[in-house]
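[1] model this:
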Amino acid sequence: MAQSKKKEERSDDRIYARINSKLKQRIQHAADLKGLDLTSYVVSTLVADADRTVQENEVMELSQRDREAFVSALINPPAPNAALLAAAKRFKAKTGT
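    Numbers count the residues shown, from 1 in each chain. Below is the predicted model of the structure:
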């Protein structure tokens, strides 16, 4: 099983980037400070930034007040208003359900 897992995790895609030598030296210095080789540093930094970007753009954090309002609405939903009842009636008429 250990061998099949290694095959699944094998890296076979590549990313190419051309950078000037001063920038490469700066990145290499940062990698050295972290005790990583250049490739490991670049990949770990990209993954960390990608995770942060996804978190910032796809995860919504609610305040305590907003969480309480959300849960309250789930537990005690308001009664449907006239507009919602009319929309449901039109939907049923169109779909026959």
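[2] what's the domain layout of the protein?
    Domain segmentation of the chain under automatic domain parsing yields 1-59, 62-97.
[3] Mind telling me which of the ones you listed the model trusts least?
    Ranked on mean pLDDT, the bottom entry among the domains of the chain is domain 1-59, at a mean of 90.
[4] next one: it to chain centre, how far?
    Mean C-alpha position of domain 1-59 versus that of the full chain (Cα atoms, centre = their mean, to the nearest Å) differs by 17 Å.
[5] distance of Gln55 from Pro80?
    35 Å (Cβ to Cβ, to the nearest Å). In this view, the C-beta of every residue, glycine as well, is placed from N, C-alpha and C.
[6] Do a quick rundown of the helices in the protein.
    With DSSP state H as the criterion, the chain has helices at 2-9, 21-34, 38-58, 64-75, 82-95.
[7] Mind putting those into a markdown table with distance to Ile15 and mean neighbour count?
    Shown next, in a markdown table, are the helices of the chain (distance: least, Cβ to Cβ, whole Å; neighbours: other Cβ atoms under 10 Å):
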| stretch | distance to Ile15 | mean neighbour count |
| --- | --- | --- |
| helix 2-9 | 17 | 7 |
| helix 21-34 | 14 | 12 |
| helix 38-58 | 8 | 11 |
| helix 64-75 | 39 | 10 |
| helix 82-95 | 48 | 10 |
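[8] for this protein, which residue is closest to the average position?
    When the chain is reduced to its mean C-alpha position, the nearest residue by Cα atoms, centre = their mean turns out to be Val54, at 3.1 Å.
[9] Pull up the gap between that one and Ala86, please.
    According to Cβ to Cβ, Val54 and Ala86 sit 39 Å apart.
[10] which residues are in contact with stretch 86-97?
    Residues outside stretch 86-97 that contact it (Cβ atoms under 8 Å, 6 or more residues apart in numbering): Pro80.
[11] so Ala28 makes contact with Leu38?
    No, residue 28 isn't Ala; it's Gln. Yes. Using Cβ atoms under 8 Å, Gln28 is in contact with Leu38, at 5.5 Å.
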